[in-house]
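K.L.:
What follows is a predicted structure for the sequence shown.
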Amino acid sequence: MDPNAPFALNSDSLKLDYSTLRLLAHSFPPSSRGGSPTAQSQQRAERALPLLQLSDWDPRINNEPIPTCIHYSIKWKLQLKKGRLSTLTEIIEENLALAPSAYWDKFLKHAVATRVRDKLPESKYQPDETKITVSVKKRNERDLRKCFDGMDIEWKAVENKLTAWSYLFREGKKLRIDICFIYREIC
């Protein structure tokens, strides 16, 4: 066989390389590179929106075209444990910007107390437990579920989850907190 022939092959050129394919990062534009999990979480942290505390909150400014803080909704229920659970009231508060702990102190605690006064005889019932679920409308994100004795709610875990999901809120996903205030009869 003539080595100068146009399609001449020698046995050295037919050897196969079974090593793992390596792509050079510079051959793709930066936007198409996924990056390492550390780089992705760093980018998310840089894009994280804050939860507003009372000192930062202005109730007149709530619907900004480009949000500067996390917005979420709360669906809360007052339930009575009497053999089985019965729902006495269910309320949805939408487009909240105030941090859940601050919203609890400023509004929700008083709203729950008012509903309890209206729906239950005062001395006959007491708070048993509070169940909280923090969720986002995205399939692969797991809900945060917490249960607290009475109404001793530790809001830090809830707020940490909302802050961790702030990048999803930026992408248009809805953040929601479901709260069940469960009362029981005093024996």
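P.N.:
Received the coordinates, thanks.

K.L.:
how about Lys77, secondary structure?
P.N.:
strand (DSSP: H, G, I helix; E, B strand; the rest coil).

K.L.:
what is it paired to in the beta sheet?
P.N.:
Taking DSSP bridges, one obtains Glu90, Cys180 as the residues bridged to Lys77.

K.L.:
now it: how far from Pro100?
P.N.:
16 Å (CB to CB, to the nearest Å). For glycine as for every other residue, the C-beta is placed from the backbone atoms N, C-alpha and C.

K.L.:
same thing with Arg184?
P.N.:
24 Å.

K.L.:
Between these two, which is the more surrounded one?
P.N.:
Neighbours per residue (other CB atoms under 10 Å) separate Arg184 from Pro100, with Pro100 holding more: 24 against 15.

K.L.:
which residues touch the more buried one?
P.N.:
Residues near Pro100 by CB atoms under 8 Å, 6 or more residues apart in numbering: 51, 72, 74, 155, 158-159, 162, 177.

K.L.:
Return the subset of the residues you listed lying in helices.
P.N.:
Among the contacts of Pro100, the members found in helices (DSSP state H) are 155, 158-159, 162.

K.L.:
So how do I select the buried members of the residues you listed in PyMOL?
P.N.:
Burial among the ones in helices among the contacts of Pro100 is assessed by 16 or more other CB atoms under 10 Å; the matching PyMOL selection reads:
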select buried, resi 155+158+159+162
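
K.L.:
Looking at the ones in helices among the contacts of Pro100, which one is closest to Leu85?
P.N.:
Leu85 has its nearest neighbour among the ones in helices among the contacts of Pro100 in Val158, at 21.8 Å by CB to CB.

K.L.:
Give me the below-cutoff pLDDT ranges for this protein.
P.N.:
Within the chain, the ranges that satisfy pLDDT under 70 run 1-47, 60-66.
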